[in-house]
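> Any chance you can model this:
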Amino acid sequence: MLGSSDLTVLVGTARFDEARAFYRETLGLTLVSEDPFAAVFDAHGTTLRLSKVEELTPQPFAVLGWSVPDIEAAVDALVERGVRFERYPGMEQDDRGLWQAPGGPRIAWFRDPDGNTLSLTEAFA
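Numbering: from 1, shown residues only. Just a heads-up that it's a prediction; the model follows:
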């Protein structure tokens, strides 16, 4: 039923000004509109609505992820913009924080100003 409808991704933020700047300036998403309740971004054809909330408890898993063709270049570019990549105990991650899934993609995780976990994934060729 909804397979032919556009998807809007909703992310909550209790730190609106910092999060808006992070998604626009650090991640490079295009700000499309803003009102007293949210900032709306174009995320390469997908709408991302950054909604103001009073309180936020980040989930223990990634809430947004991007597929990138060159994860090392993407990680390096984000590090240059001040992003710190997460390290998880028990996971074999390289110097950049990249983890190779068994027989599959390489993944790296980072957080937005509210502590939401975001990810980058490069498919295994």
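> What is the neighbour count of the closest residue to Glu25 other than its chain neighbours?
Closest residue to Glu25 apart from its sequence neighbours, by CB to CB, 6 or more residues apart in numbering: Arg81 at 7.8 Å. Quick note: C-beta positions are derived from backbone N, CA and C, even for glycine. Neighbours of Arg81 under the rule other CB atoms under 10 Å: 11.
> Also Leu118?
21.
> And the one 4 residues further on, by the same measure?
By other CB under 10 Å, the residues close to Glu122 number 21.
> ok, the closest residue to it other than its chain neighbours - contacts?
In this structure, Glu122 finds its nearest non-sequential neighbour in Ile71, 3.6 Å apart by CB to CB, 6+ apart. By CB atoms under 8 Å, 6 or more residues apart in numbering, the residues touching Ile71 are 98, 106-108, 120-122.
> For Arg84, what are phi and psi?
With angles defined as degrees, to the nearest 10, Arg84 sits at phi -110, psi 130.
> so it makes contact with Ala108?
No - in this structure Arg84 lies outside contact range of Ala108 using CB atoms under 8 Å: 10.9 Å.
> now the contacts of Ile71 as TSV including pLDDT?
Below are those laid out as TSV (pLDDT from 0 to 100):
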residue	pLDDT
Leu98	96
Arg106	95
Ile107	96
Ala108	97
Leu120	98
Thr121	96
Glu122	94
